[in-house]
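Chemist: For reference, the sequence and a predicted model appear below.
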Amino acid sequence: MIHPSQRDKENEPAYRREASGPMCRPPFLGGNKMVRPVIAGNWKMNKTVAESVDFAKGLRDALTAATVPEVIIAPPFTSLGAVAEVLRGSSIRLAAQNLHEAPKGAFTGEISAGMLSGAGCTHVIIGHSERRTLFGETDARVNLKLRTALAATLTPIFCIGETLQEREENRMKPVIERQLKEGLNNFSADDISRLLIAYEPVWAIGTGKTAAPAQAEEVHGLIRGWIADRYGKERAAGIAILYGGSVTPKNVVDLMRQPDIDGALVGGASLEVASFVQLVEYQNIQGV
Ligand code: PGA
C-alpha cells in the first residue's frame, strides 16, 4: 500500500520531486521563494487623470523601504504619463493594460510598445481574459503582442485562464496548455525568463468567487511544470506566476502561502489605496 505522504510526493510535478537544495520551493511567504513576490493592480477602465494621480501619490507615500513585493500599477492609457511623473524615483512600476503589435501606422485607437515605454511603462498586461473574450484576441495575436513587448524591453504580464464552462467540462488542463503553447510559440529560454505569468480563472474575475488556494495552486503547479518540461527546472523556478481573480486582503495570505503562487494580479481591490496597500503589505496581515 502506498503511504499518503508517498502518494503526495508522486503527484508532485517532476521539477519539484527531483529538486533539492535551492531548487526546492518551500511553501513560505514571499522572501523564501525563488522569486520576489509581485502585487499588481489592474485598474481596467477606471479613474480619470486626476483620480489616478491622487491614487499614485497615496500609494507612493504609503510604501516604505520595508515593502517586500515588487509593486506594479496598470492605469488606463490616458493616465500613464501623469502617473509616471508621480512615481518617478519610487520603486513602483508602471504597466499598460494592452498594446498593439505594430510599431506604428494606421491603427486608429491603438497604442504601440514604443509609446508605452516613452510614457514611462516598464510592464504591459497581455492576453487578459477581457481582451480575449470581449475583443476577440486569439492566442496567435497574444503571441505577437508578447514578442512586441519583449522587443521593446517591456516586461509582459502574460494572462491565461479557463472559463467556467471549460472547467466544468474538464478542459481546464488542455486549455491552459494550449494558451501556453500558442502564446509562447517560438519563445527561447531567455524570452521566457523575461515575462511574468498571471493565472486568472475567468470565472473568478470580478465575481467575488476566488479559486480556493489549493485549486489555484494546482494550476500554478501545472504551469510551472509545463515550463520546466520545455525550458528546464531552473528557468521554471525563477518565473513569477501570479494569481488573479477576486483577490482581496481577506484571501491574499492563503493564496500567497501556496508554493507556486508568487503574487497577485488584482482588479477591484486595487482601486482604493487602503485595500491595495493592505495587499502589498500582506505579510503584516494578522495571523501570518
Ligand atoms: P478582480 O480582477 O480582482 O476584480 O477579480 C482581476 C483581473 O481581472 O485582473
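Modeler: Perfect, I can see it now. Numbers count the residues shown, from 1 in each chain.

Chemist: alpha carbons only for contacts and neighbour counts from here, please
Modeler: Fine.

Chemist: For the longest helix belonging to the chain, the averaged confidence score.
Modeler: Identified as the longest helix of the chain according to DSSP state H is helix 213-231. For helix 213-231, mean pLDDT rounds to 96.

Chemist: after it, next one along is what?
Modeler: Downstream of helix 213-231, the first helix or strand assigned by DSSP states H and E is helix 233-237.

Chemist: re the thing from before, using CSV, write out the CA atom coordinates for the longest helix of the chain.
Modeler: Presented in CSV, the C-alpha positions along helix 213-231 are these (Å, rounded to 0.1, in the frame of the first residue of the first chain):
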residue,chain,number,x,y,z
PRO,A,213,-5.9,28.2,-2.7
ALA,A,214,-5.4,24.5,-3.5
GLN,A,215,-7.4,24.9,-6.7
ALA,A,216,-5.2,27.8,-7.8
GLU,A,217,-2.0,26.0,-6.7
GLU,A,218,-2.9,23.0,-8.8
VAL,A,219,-2.9,25.2,-12.0
HIS,A,220,0.2,27.2,-10.9
GLY,A,221,2.0,23.8,-10.5
LEU,A,222,0.8,22.8,-13.9
ILE,A,223,2.0,26.0,-15.5
ARG,A,224,5.4,25.8,-13.8
GLY,A,225,5.7,22.1,-14.7
TRP,A,226,4.9,22.9,-18.4
ILE,A,227,7.7,25.5,-18.4
ALA,A,228,10.1,23.1,-16.6
ASP,A,229,9.5,20.4,-19.2
ARG,A,230,10.4,22.7,-22.0
TYR,A,231,12.9,25.2,-20.6
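
Chemist: How about it and the ligand, touching?
Modeler: No. Against the ligand, helix 213-231 shows no contacts by CA under 6 Å from any ligand atom, the least distance being 13.7 Å.

Chemist: Okay, buried residues for that helix please.
Modeler: By neighbour count on 16 or more other CA atoms under 10 Å, the buried set for helix 213-231 is 213, 216-228, 231.

Chemist: same deal with stretch 188-195?
Modeler: Residues of stretch 188-195 classed as buried: 192-195 (neighbour count, 16+ other CA under 10 Å).

Chemist: Let me know the closest of those residues to the ligand.
Modeler: Lowest distance from the ligand to the buried residues of stretch 188-195 (CA to the nearest ligand atom) belongs to Leu195, with 16.3 Å.
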